[in-house]
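Colleague: Need the 3D shape of this:
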Amino acid sequence: MRSVKQDFFGITNMLQENLVNYNEANFKISYFEVEKVKQIIQKLINAQVEADYDNMRKLYREMFKRQFGHYPNENFVIKFFKELAINNKKLGVKRTKESILEAMNKSLK
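Modeller: Residues are numbered from 1 along each chain as shown. As a prediction, the model looks like this:
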C-alpha cells in the first residue's frame with residue numbers, strides 16, 4: 001500500500017523526487033544542502049507566523065463582536081496588530097494575555 005503524497009508547509013516541491021518516501025517499508029536516507037535547509041526552515045516559520053496571525057485576527061474579531069455586537073471593520077484590526085507589534089516590550093512579553101488585552105484596548109481609542 002502506498003502513502004498519499006502530501007504537501008507539508010509548501011516544502012514538498014523543494015525535495016527531490018528520490019527523497020520523498022511513498023512507501024513506509026522502503027525509507028531512504030539522504031542529506032540536504034545547507035541552503036535548502038535554510039529555505040525549508042523559512043517556509044516553516046512563515047507557515048507558523050501565518051497561522052498565528054490568523055488566530056490572533058479571529059480572537060480579536062470575536063472579542064470585539066462579544067463586546068459590541070458586531071464584527072470590527074478592517075481599520076480596527078490593523079490598529080490592533082500595530083499596537084501589538086510596535087511597543088518597547090521584550091519579545092517574550094509582547095504575546096502575553098495582558099499585552100494582547102492592552103493592544104485590544106488601545107486599538108479602540
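Colleague: hey, which helix is longest across the chain?
Modeller: If each helix of the chain is counted by residues according to DSSP state H, the longest one is helix 34-68.
Colleague: Now the element after the helix or strand of the chain with the lowest mean pLDDT, going C-ward?
Modeller: Averaged element by element with mean pLDDT, DSSP states H and E, the chain has its least confident helix or strand at helix 91-94 (a mean of 76). Using DSSP states H and E, the next helix or strand after helix 91-94 towards the C-terminus is helix 97-107.
Colleague: From the chain's centroid, how far away is that next one?
Modeller: Centroid separation for helix 97-107 versus its chain: 20 Å, with CA atoms, centre = their mean, to the nearest Å.
Colleague: Not counting that helix itself, show me its contacts.
Modeller: Residues outside helix 97-107 that contact it (CB atoms under 8 Å, 6 or more residues apart in numbering): 56, 59-60, 63-64, 76-77, 79-80, 82-84, 87, 89, 93. Just so you know, the C-beta spots here come from the backbone N, C-alpha and C atoms, and that holds for glycine as well.
Colleague: Buried subset of these as a ChimeraX selection?
Modeller: Applying 16 or more other CB atoms under 10 Å to the contacts of helix 97-107 leaves a buried subset, and the ChimeraX line that selects it is:
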select :56,60,64,76,77,79,80,83,84
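Colleague: Other residues contacting the host helix or strand of Asn75?
Modeller: According to DSSP H and E, Asn75 maps onto helix 74-85. With CB under 8 Å, 6+ apart as the test, helix 74-85 has contacts from 53, 56-57, 60-61, 64, 94-95, 99-100, 102-104, 106-108.
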